[in-house]
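Peer 1: heads up, no residue letters with this:
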């Protein structure tokens, strides 16, 4: 069993930055790929970024490429999402997850989820 807790969300003006953290406990997540998703009110869960188990490979949705950076520190069992140049359309609940499937962009490939942290970007 893995428990995931996100933090770092908040209210920021357009163009600003936030850094999200995802702390894992329980069965070590360092052996698994992980990812970030987001879900805006009334919309489906959307893939944001993912990272391989050793951090050597990272992948991004086109909508965040060049603005967001995913990273992880396995010694601390923590994953991060640095978000720069934020836009109002980035407003959503951001969730981290541990992957046990193949399709990195699909929520169905992730078997453990955090509760999420709210990010609100004002214009």
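Peer 2: Sure thing, it's come through. Source: prediction; values computed, not measured. Numbering: from 1, shown residues only.

Peer 1: Just the element for the residue most central in space within the chain, please.
Peer 2: The residue lying closest to the centre of the chain (Cα atoms, centre = their mean) is residue 36, at 2.3 Å. Here residue 36 sits within strand 34-39, counting by DSSP states H and E.

Peer 1: Repeat that for residue 111.
Peer 2: Assigned by DSSP H and E, residue 111 falls in strand 110-113.

Peer 1: How about residue 19?
Peer 2: Residue 19 belongs to strand 18-26, assigned by DSSP H and E.

Peer 1: by contact count, what packs against that strand?
Peer 2: The helices and strands touching strand 18-26, judged by 3 or more Cβ pairs under 8 Å, 6 or more residues apart in numbering; DSSP states H and E, are strand 2-7, strand 34-39, strand 78-83, strand 92-99, strand 117-122. C-beta coordinates here come from the backbone N, C-alpha and C atoms, glycine included.

Peer 1: can you list contacts of the third one?
Peer 2: By Cβ atoms under 8 Å, 6 or more residues apart in numbering, the surrounding residues in contact with strand 78-83 are 17-24, 34, 36, 48-49, 51, 64, 67-73, 90, 94, 96, 119.

Peer 1: Now for the residue nearest to residue 120 when sequence neighbours are not counted: which residues touch it?
Peer 2: Leaving aside its sequence neighbours, residue 120 sits nearest to residue 11 (Cβ to Cβ, 6 or more residues apart in numbering; 4.7 Å). Residues near residue 11 by Cβ under 8 Å, 6+ apart: 120-122.
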